[in-house]
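Undergrad: Quick check, what structure comes out for this input:
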Amino acid sequence: MTELTSQQQTELEAAAFRRLVAHLRERSDVQNIDLMNLAGFCRNCLSNWYREAAEEAGLPVTKDESREMVYGMPYEDWKNLHQTEASAVQKAAFEQNKPKE
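TA: Sure thing, here's the model as predicted:
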C-alpha cells in the first residue's frame, strides 16, 4: 500500500466515515436491530463512538447532538419516521448476540 501521511490517512478515514453515515441515512429501511444482529453495531453505536471521540478531544458533544449527526435529524424524529417494532425473532437474535457488558 502507498505510504500515507498522518493527514492523508485522517482525510481518507473521515471521507469513509462520511460515506458510511450518508449510506445509513439513505438506508432508513434497515433497522438498528438488524445492524446489531448482523454487524454488532448500529447507528446509535456510531453516534456513541463519535461522541466519545469528541470527549477525548475535549469537545463537548451531547448524546442528542451526536445522534443527530448520524441520523441527519433528531433521533426521536427518525424513530417516528422509520423505526418499526422489532419482531420476536429479531429480539431473540439480539439477546443471543448482544455485546457483553
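Undergrad: and the lowest-mean-pLDDT helix or strand in the chain, what does it pack onto?
TA: Ranked by mean pLDDT, DSSP states H and E, the weakest helix or strand in the chain is helix 88-97, scoring a mean of 91. Counting contacts by 3 or more Cβ pairs under 8 Å, 6 or more residues apart in numbering; DSSP states H and E, helix 88-97 is packed against helix 32-39. Where C-beta positions appear, they are placed from N, C-alpha and C, glycine not excepted.
Undergrad: Mind listing what's buried along the helix it packs on?
TA: 32-33, 35-37 (16 or more other Cβ atoms under 10 Å).
Undergrad: likewise stretch 68-84?
TA: 68, 70-71, 75, 78.
Undergrad: Just the CA coordinates for it, please, in CSV.
TA: Extracted C-alpha coordinates of stretch 68-84, given in CSV (Å, rounded to 0.1, in the frame of the first residue of the first chain):
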residue,chain,number,x,y,z
GLU,A,68,-28.5,14.0,15.1
MET,A,69,-25.1,14.0,13.3
VAL,A,70,-25.5,10.3,12.4
TYR,A,71,-29.3,10.3,11.8
GLY,A,72,-29.4,13.6,10.0
MET,A,73,-32.3,14.7,12.2
PRO,A,74,-33.3,14.5,15.9
TYR,A,75,-33.3,10.8,16.9
GLU,A,76,-37.0,10.9,18.1
ASP,A,77,-38.0,12.2,14.6
TRP,A,78,-36.1,9.4,12.9
LYS,A,79,-37.7,6.8,15.2
ASN,A,80,-41.1,8.1,14.5
LEU,A,81,-40.5,8.1,10.7
HIS,A,82,-38.5,4.9,10.2
GLN,A,83,-38.3,2.6,13.3
THR,A,84,-40.6,-0.4,13.4
